[in-house]
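Engineer: Here is a sequence with its predicted model. Questions after.
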Amino acid sequence: MKLCMEVVSYRLKQEVSTETFMGHVNQLQKALNEVTGFVKREVFFNTEKGVWVEIVEWESPEAAKQGEAKIMQETFMVEAMALIDESTIQMHMVKQVV
């Protein structure tokens with residue numbers, strides 16, 4: 001089966017602490033574990049540049065779209081998105097080729 005990866009990078013707003021944001025990171029992990037088509041998620045943080053990178057593995061592009069639509073309706077995600085500097089968000093959806 002060829003998988004689909006969602007790769008997202010972003011920075012937090014200047015006034016937001018890493019500790020505050022980590023609560024939302026953990027909530028998202030718990031919620032994703034309940035979503036059909038979700039395989040795994042890894043979260044990375046570059047402390048020097050303040051850049052967060054999330055790599056989410058899905059069974060298919062369709063599962064990724066459906067999962068994202070479901071998760072984005074959750075209250076904790078609305079709160080988490082308010083902590084992110086939206087101008088820094090870069091998102092790529094890529095399909096496995098080999």
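Structural biologist: Great, that's in hand. Residues are numbered from 1 along each chain as shown.
Engineer: Show me the helices in this structure, by range?
Structural biologist: Residue ranges of the helices in the chain, as given by DSSP state H, are 18-32, 61-71, 75-83.
Engineer: Give the buried residues for the first one.
Structural biologist: Of the residues in helix 18-32, those scored as buried under the neighbour-count criterion (16 or more other CB atoms under 10 Å) are 21, 24, 27, 28, 31, 32. Any C-beta I mention is one placed from the backbone N, CA and C, and that applies to glycine too.
Engineer: and those as TSV, adding pLDDT and distance to residue 53?
Structural biologist: What follows is the buried residues of helix 18-32, written out as TSV (pLDDT from 0 to 100; distance: CB to CB, whole Å):
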residue	pLDDT	distance to residue 53
21	97	14
24	96	16
27	96	18
28	96	14
31	96	19
32	97	16
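Engineer: ok, so of those, who is nearest residue 45?
Structural biologist: Set against residue 45, the nearest of the buried residues of helix 18-32 by CB to CB is residue 21 (9.3 Å).
Engineer: need the contact list for that closest one.
Structural biologist: For residue 21, the contacting residues are 12, 52, 80, 83, taking CB atoms under 8 Å, 6 or more residues apart in numbering as the criterion.
Engineer: which non-adjacent residue is nearest the last one?
Structural biologist: Put plainly, it is residue 83. In space, not counting the residues next to it along the chain, residue 83 is nearest to residue 16; the distance is 4.5 Å by CB to CB, 6 or more residues apart in numbering.
Engineer: re earlier: put the buried members of the contacts of residue 21 into a PyMOL selection.
Structural biologist: Only the buried entries of those go into this PyMOL selection, using 16+ other CB under 10 Å:
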select buried, resi 12+52+80
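Engineer: That concludes my questions; thank you for your assistance.
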